[in-house]
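>>> Give me a 3D structure for the following:
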Amino acid sequence: MVTFALLRHASFDSLDHAGGTWNGVSGHVEHLVGQLRSGVLRPLSGGGGPYAAPGSGSRPWTGAAADEAVREIGFLADELHAFHFEALAVAAALHQARKALAGAQQKLLRAIGDAEALGATVADDGTTTLPDLPPGERNDPEAIAYQKRKWDEVRQHVQVMTAALTEATEADNAVATALRALDPEEVDPATHPYGAGNALSDLEGAMGMPTDPRARKEWWAALDPALRAGLLAADSDRLIKAGVLGPTEYEWSSPDKGAGLWGVREPGIADQMMRVKVASMVGGGALAGYPDAARNMAHYLDGDGTPLSLAVEPVLRDDADFQASATAQLAANKDKWRQAAVEAFEKSGGVPVSIPVESPVEHRRFKDENWYFAIGSYPYLTSGVATAVPGPDGKPQVSLQYQVNVWDRYNWDEGKTTPIAGTTVTDHDMATLHQTGLAKEFDIVGRTQPITIQLDEPTAPGRTTQ
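Residues are numbered from 1 along each chain as shown. Okay, here's the model as predicted:
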């Protein structure tokens, strides 16, 4: 159990050091696994290497003993690989504990400060007292009332202190539970064929990734760069699927109110006829040559308002202006991102690090007619993770894994018209479909598949190649 005095005066330097050490152990063990497999197992099994006998696929050592050696060394490599996940899980659990305990300590110290500002004294066992009224004021109704109000405020701060202590105790118990769950026997490949998978499951449980997207962004941005690199290397598919390549700072929101509230009045005959007209445009009329514009308008007419996913690669392919802008945006930022990764690498003492990066948002309008009718104007930015790892000479080698993000709100504003292949549609007419419940506005969110490039050298002046 966490005591009041312990939380009040705690320093988390040792916890930071322990987490960093376990993360370093994880990285070194995985490096050892790579050396074992490439420098020992591969030559012994005839896969080439410095110890292989001449000839394609030949084995320098054959027989029962050789087969047993390959088998046992393979088990050792698998066990070390599983231990790599377990060590990383320890580092992740310690990071979660440090974050939770530090947050609880901040709440406690803030409440102590607020109580002391009222004249209270807070002892290390949590006992909180206010000095008695001076003898001359003990019969003064106003002084007594004022003292009571102060006591009421102090009690509120005491409640916050108690809640902070409870929060710290729960965090302490949670990390203890997480560490106890790391059972070495369950990740031994000699007795458990899926030991590495079990260890990866332990890691996923220990990393504490929130399910809420907004909380997940904050969690990812707050991780130690070395731990972030370890988690990304160990479980990249799951993390990327969870959206860690997205922006951690920019938060998109619709720039205008659109048509306002949905379904606020009953549709009339004119509204019904307008819906039929728009549906005919989708089903083979004016939008027949604009497949993505037709898709988006059909989703508007569906009326469920669910967000629509946008594959950005076709947009980049079709709209040369957007592609040129995205290429220029990457070129304008990648040297800065490389430098940030190198600085984090040097600060970490030369262990692998990963840092979230993102460009400033830009607002543009599509030039391609299909995409202009489908979306119109849009904000976009490039975001991802820059990772620095030690090269053969110990110097950092930097890579960037990134995606291009696009957002839009499919809505209609008053006072605009949109001519489509000879048919003019007013935004007012389209907005009435939303207001009468015959259609519904929705969000469009898109991103490219992850793209990985090397950032080993700064871009030369005038060179903008990707």
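>>> Could you use CA atoms for every contact and neighbour count after this?
Noted.
>>> Okay, strands next: where are they in the chain?
Using DSSP state E, the strands found in the chain span residues 121-122, 128-129, 308-311, 353-358, 362-365, 377-390, 396-410, 417-420, 423-426, 442-447, 451-454.
>>> Compute the mean per-residue pLDDT across the longest one, please.
Spelled out, it's strand 396-410. Taken as a whole, strand 396-410 carries a mean pLDDT of 96.
>>> now do the third one
The predicted model gives strand 308-311 an average pLDDT of 95.
>>> Residues contacting it, please?
Outside strand 308-311, the residues within contact range by Cα atoms under 8 Å, 6 or more residues apart in numbering are F442, D443, I444, V445, G446, R447, T448.
>>> Just the buried positions in that strand, please.
Buried residues in strand 308-311, counting neighbours by 16 or more other Cα atoms under 10 Å, are found at L308, L310.
>>> Neighbour-wise, give me the winner out of the contacts of strand 308-311.
The most crowded member of the contacts of strand 308-311, judged by other Cα atoms under 10 Å, is R447 (22 neighbours).
>>> nearest spatial neighbour of it, skipping sequence neighbours?
Excluding its sequence neighbours, the residue lying closest to R447 (Cα to Cα, 6 or more residues apart in numbering) is N405, at 4.3 Å.
>>> what about A145, neighbour count?
Count around A145 with other Cα under 10 Å applied: 11.
>>> do the same with H363
As a burial measure, H363 scores 10 neighbours (other Cα under 10 Å).
>>> quick one: the helices in the stretch 201-350 of the chain?
For the stretch 201-350 of the chain, the helices identified by DSSP state H, counting those that start in this stretch occupy 213-222, 225-234, 236-241, 269-282, 291-302, 312-318, 320-347, in order along the chain.
>>> which residues touch stretch 205-218?
Applying Cα under 8 Å, 6+ apart, the set of residues contacting stretch 205-218 is A89, V90, A92, A93, Q96, A178, W219, V244, P247, T248.
>>> Widest-spaced pair of those?
Using Cα to Cα, the contacts of stretch 205-218 reach their maximum pairwise distance at A178 and P247, which is 29.4 Å.
>>> Name the residue in these two with the higher neighbour count.
The neighbour count for A178 versus P247, taken as other Cα under 10 Å, is higher for P247 (24 against 19).
>>> who's the closest residue to the more buried one other than its chain neighbours bridged to?
Distances taken as Cα to Cα, 6+ apart place S383 nearest to P247, at 5.5 Å, with adjacent residues excluded. Partner residues in beta bridges with S383: E358, Q403, with DSSP bridges as the criterion.
>>> Surely S383 is in contact with Q403?
Yes. Applying Cα atoms under 8 Å as the test, S383 and Q403 come out as touching, 5.7 Å apart.
>>> Of the two, which one has the most company?
More neighbours surround S383 than the other of S383 and Q403, with 26 against 23 (other Cα under 10 Å).
>>> Now for the more buried one: which residues touch it?
Counting by Cα under 8 Å, 6+ apart, the residues that S383 touches are L245, G246, P247, P356, V357, E358, S359, Y402, Q403, V404, N405.
>>> just for the stretch 101-250 of the chain, where's the confidence low?
Applying pLDDT under 70 to the predicted model, the residue ranges of the stretch 101-250 of the chain that meet it are 184-190, 192-194.
>>> one more time with 80, if that's ok
Of all residues in the stretch 101-250 of the chain, those with pLDDT under 80 make up the ranges 181-199.
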